[in-house]
Each structure stands twice: as C-alpha cells, then as structure tokens.
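Asks: here is my input; please provide its structure:
(one chain, ligands or ions: 2)
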Amino acid sequence: MDHRFAIAILAAGQGTRFRSQRAKVLHEAGGRTLIEHVVQTAAQLSPRDIFVIVGHQAEAVIAHLQERGFRRLKFIFQKERLGTGHALRSGRGPLANAAPQLLVLSGDTPLLTPQTLRKLIAAHRRSQAAATVLTAEMDDPTGYGRILRASGGTDGRSSNHSIIAIVEQKSATAEQRQIREVNSGIYCFQTQPLFRALQQVKLDPIKKEYYLTDVIALLAGRGLGVHAFRAEDPQEVIGINDRVELARVDNLLRLRKARELMRAGVTIQAPESVRIDAGVRVGPDTEIEPGAVLRGRTRIGTNCRIGAGCIVADSELADGVVLRPCCVLTESRIASGAVIGPFSHLRPGTEIGPGSQIGAFVEVKKSRIGRGVHAHHLAYLGDAVLGDGVNVGAGTITCNFDGTRKHQTVIEDGVFLGSGTELVAPLRVGRGAYVAAGSTITEEVPAHALALARARQVVKAGWAARRKAPSAAKPGR
Ligand code: UD1
Ligand code: CA
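Replies: Ligands and ions are numbered 1, 2, ... in the order given. All right, here's what the predicted structure looks like:
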C-alpha cells in the first residue's frame, strides 16, 4: 500500500443525459458497470484509501459495489448534486486529511488504465505541482472542458506544460472551443491546497454548479504550479454522458478484451464481432467463431471451440469442449470432451459429463448428465439425473411438471430410451433397461427390463382404396 495518496471517485451524479431510472454509473459497458471498472482500476493502484462519492441512488450504488466484493471502500454522501467541486467539498472532512495527495477519478470514465494513472502520479511527484491534470488531445473535443495554457496555444510540445485554467464547453468562447486538448476529469492534487481552493470556488452562473475545474485557475493564480499530463491514448479518457457514448465505449472495451485473449493464446475469428465480458476467462488454443457472446463469470478451458453465434453466460467449460454454432448456455457446467449443439439450450443447473453429446434442439434444465451420454436430437431433459452411457432417443421428453410442482426423473447407467419417449415424473428407469419408442412411461422400469407403453397398432387392409372409391360407402372403423 502507498500511504502517500488516497483516491476519490466522483459518482454522485444522476446522468441526466442518459434519461434513465438507473444511476449513470450503474449502466454497463464491456460486461461491467461503469463504476465497477473505475473502482477496479483504482484498487490496482493500492492507495491508502478509496472514497466513492455517492448521491443519486446512493443505496443502489453502494449495494452494487458491496455485492461485487469491494470491501475496503469508504463512501461519502453528497446530499445535493451541485457539481463536481461541490462533490469533493462535501467530502472535506474525511478527504482533507486522508493523505498528502489526492487522486480524483470520475465514475464515468471506464477505459482508463492503471498504467496511465501510475504515470500521472509519477509525473505529479516529479514536478511537485499543486495539481496535475490528465489531459488528452481529442479529434472532437465537444462537451469536454478545454485546457488553457499560458501561451493560449495548444502546441503541446511538452507533455507537462503549465496550464492556467480549464474552461467548460458552455462557458468557452468560439476561439477556446477550437482547442483540442481536453480535461479528462482526472487529476492528482496536493490535498491541502486543493481544499483551500475549493472553499473559494463560486457557483457557475450558467449551470448553477460548483465546478471542480475552477480550482485550476485559483491554484495557478496563486503561483502554485498546475501541470498537464497528456494521456498517450485519448480513447482512455472518454467520459460517458449518454447511451451513444456508452455503446462506443462498450465496443472499445470488448475489442480490448478480445485482443487481451488473443495475445494470451486464444484464436478469435472476426474479433470485432464477438462480445466477451471483462470477467470471462478463456484458456489457450481455444477457438472462438464469429458472433459468439461470452458473459459474466464464464470460464472456458483450453482447446475448446465456441461455435458461431453461441451465447454463454456464467458457465464453466472444461478443456476440449466443442460448442457447435448457435447454442445458448446459462449457469451450466460442461466436462471435458463434451460436444454440444448446434442449437442446444442448456439452462441453469445443467451439468454435462465428460464426452457426452447433446445435439440439435435439445433443451436441458437443472439436470445432471453422466459420461458418454448421447442425446442427439429434439429432446427436453428437465430435473433429471442421467447415468453414464445413456442413449436418449429423438423426441424424448421428461414430463417434469404436474401443473403445480416439479418432479425428478432418474435414468440409470446404460439405459436405452427409444425415440418419442415420454417419462412422466417422478420416475426411475433402472440400469440397463430399454424403453420402446413411442412409450409414455408412468411407472418405475426395473433394471435390465424392457418397457413398452403404447397402444397396439391396428391395420385395416385396403382402407385407403375404399375411401377413395366414389361409389363406395364411407369408410367405417
Ligand atoms: C467534467 C468536467 C470537464 C471534463 C469532463 C471529462 C467539470 C465541471 N467538468 O464534465 O471539464 O472535460 O468531466 O469527462 O468537472 N458528479 C458528482 N456530483 C455532482 C456532479 C457530478 O459526483 O454534483 C460526478 C458524476 O457522477 C460524474 C463526474 O462527477 O461521474 C463528472 O460529472 P459530469 O456531469 O459527467 O461532468 P462533465 O460534464 O462530463
Ligand atoms: Ca462526464
């Protein structure tokens, strides 16, 4: 832990431009909420303390972060949302004495990396400035605060040139709006001068807010150094203010994740087409086909193949698993060598044993399937336990629901279920038994027996010809 600095994350705003019931920082990009990305990045810097300033939907934001397992956070409540300067000021008590330096982050800037922040902190310490602002050169700076330098220029030949002020988009002159160097909303401050300057920040007449950015001119005016540190990659400091920007950042985060996996030995076809959440893990030599979506806490082993268009959420695949195209898996576990799909639907609580094969239009729910089981076509297995080597014929259905309650079906090792079998649960089919095709089984089948449960076939010779003959009487039964 580095005792010299603490971190404050501004996350109290409503996010008006999102037009959402939910707080802005609780929206997701790259499979994590915006605030989660920022807190995760902050934690990697091992500061003395991490403060999160909450206000709008404070309870929901706090509950979310606690649920995600962030334990060491300290929360500050900003009662009224009167701007970024006001947000910090409302934390004056705990923040002013937390550490000699304060790193301020914004809850809506999820692409920021710990590497860039480490460089910012190092630059701040080298220069001993009162404040170091993380800036970036944007092709389109619209909406961001602009960096004003002593020369008034934007030449940026030196990356930690002194700056004299930050002017917000709404207050900028036409000339200032030409400036492409923007404020990222991320700063490293010397704590004491910051809080002295914050006391003097006045309400902005246009937005009726106390701007944190106004402390820059106050500090510079007092002759305390204010420096800019320019981010190498301007994309890292993109702030999200509406859902259009959210989608853009979501894409960038997913490309970043895909590249990370490819560098770690995963083959990804058409990486711009796949959607892999930040928390997903994939082993080397696995190949991911176009359009795959991997969500949440999904874990995939080595040498797997994830077919085109598969959607896998919160599931675990061991090594050498093949998902043929267009499978949907949720909260399922697949053992090594299993082959699933195409078009299989594995719902929560499904466990598939080693080497088993689940084929097209087979739906499995809350069921444990043994080793080497074949269920190749059109079946529903719900609340079932299948032993090893079971053959599930096409069209097999476990009738697990009686209209009120769910019941279990147990199918022991080596059972052969003929096609079109209905198994009315609760039910047990003993090991090695056979069930004839088209049977509706309602009673236990003993081990090694054959169960037949269908009406005997009736054949009426010549019936069709009699029906067609115009003079003949109507065919009777
Ligand atoms: C801010 C900066 C702008 C910068 C941009 C970078 C100010 C005045 N402007 O503008 O110079 O270019 O970020 O993205 O700071 N928040 C609170 N309490 C409040 C208001 C906001 O906690 O009362 C939080 C928000 O939740 C958000 C962050 O502060 O996470 C930034 O607020 P936002 O309204 O998005 O500021 P911008 O207009 O983007
Ligand atoms: Ca913003």
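Asks: for the rest of this, base every contact and every neighbour count on C-alpha atoms.
Replies: Will do.
Asks: what about residue 449, how many neighbours?
Replies: Using other C-alpha atoms under 10 Å, residue 449 is surrounded by 15 other residues.
Asks: pretty sure it sits against residue 417.
Replies: No. Look at residue 449 against residue 417 with C-alpha atoms under 8 Å: they stay out of range, at 11.9 Å.
Asks: can you work out which residues contact both of these two?
Replies: Shared contacts of residue 449 and residue 417, defined by C-alpha atoms under 8 Å, 6 or more residues apart in numbering, comprise residue 434.
Asks: residue 173: neighbouring residues, count only.
Replies: The burial count assigned to residue 173 is 11, neighbours taken as other C-alpha under 10 Å.
Asks: sorry, wrong one. I was asking about residue 267.
Replies: Neighbours of residue 267 under the rule other C-alpha under 10 Å: 19.
Asks: what's opposite it in the beta bridge?
Replies: Beta-bridge pairing of residue 267 under DSSP bridges involves residue 287.
Asks: residue contacts, it?
Replies: 285, 286, 287, 288.
Asks: and for residue 35?
Replies: Going by C-alpha under 8 Å, 6+ apart, residue 35 touches 11, 25, 26, 107, 108, 110.
Asks: which members of those occur in strands, if any?
Replies: residue 11 (DSSP state E).
Asks: follow-up on the earlier one: for the contacts of residue 267, give me JSON lines that also has neighbour count, distance to ligand 1 and pLDDT.
Replies: Converted to JSON lines, the contacts of residue 267 look like this (neighbours: other C-alpha atoms under 10 Å; distance: C-alpha to the nearest ligand atom, whole Å; pLDDT from 0 to 100):
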{"residue": "285", "neighbour count": "19", "distance to ligand 1": "39", "pLDDT": "98"}
{"residue": "286", "neighbour count": "24", "distance to ligand 1": "38", "pLDDT": "99"}
{"residue": "287", "neighbour count": "21", "distance to ligand 1": "37", "pLDDT": "98"}
{"residue": "288", "neighbour count": "25", "distance to ligand 1": "35", "pLDDT": "98"}
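Asks: neighbour-wise, which one of the contacts of residue 35 leads?
Replies: That'd be residue 110 among those, by other C-alpha under 10 Å, with 31 neighbours.
Asks: now narrow the contacts of residue 35 to whatever sits close to ligand 1.
Replies: Filtering the contacts of residue 35 for neighbours of ligand 1 using C-alpha under 6 Å from any ligand atom leaves 11, 107, 108.
Asks: list the buried residues for the longest helix seen in the chain?
Replies: Using DSSP state H to define each element, the chain has its longest helix at helix 243-263. Within helix 243-263, the residues that count as buried by 16 or more other C-alpha atoms under 10 Å are 246, 249-259, 261-262.
Asks: get me the contact residues on the stretch 51-200 of the chain for ligand 1.
Replies: Applying C-alpha under 6 Å from any ligand atom, we find that the stretch 51-200 of the chain lies next to ligand 1 at 53, 81-84, 87, 106-108, 144-145, 168, 182-185.
Asks: relative to ligand 1, how far out is the closest residue in space to residue 264 that isn't next to it in sequence?
Replies: Nearest residue to residue 264, sequence neighbours excluded (C-alpha to C-alpha, 6 or more residues apart in numbering): residue 284, at 6.5 Å. Per C-alpha to the nearest ligand atom, to the nearest Å, residue 284 is found 37 Å from ligand 1.
Asks: what is the neighbour count of residue 284?
Replies: Other residues within reach of residue 284, judged by other C-alpha under 10 Å, total 19.
Asks: got the phi/psi numbers for it?
Replies: Per-residue torsions, residue 284: phi -60, psi 160 (degrees, to the nearest 10).
Asks: kindly report the same for residue 321.
Replies: Dihedral pair for residue 321: phi -90, psi 140, per degrees, to the nearest 10.
Asks: quick one: it and residue 338 touch, right?
Replies: Yes. Counting by C-alpha under 8 Å, residue 321 does reach residue 338; the two are 5.1 Å apart.
Asks: okay, residue 150: pLDDT?
Replies: With respect to pLDDT, residue 150 has a value of 82.
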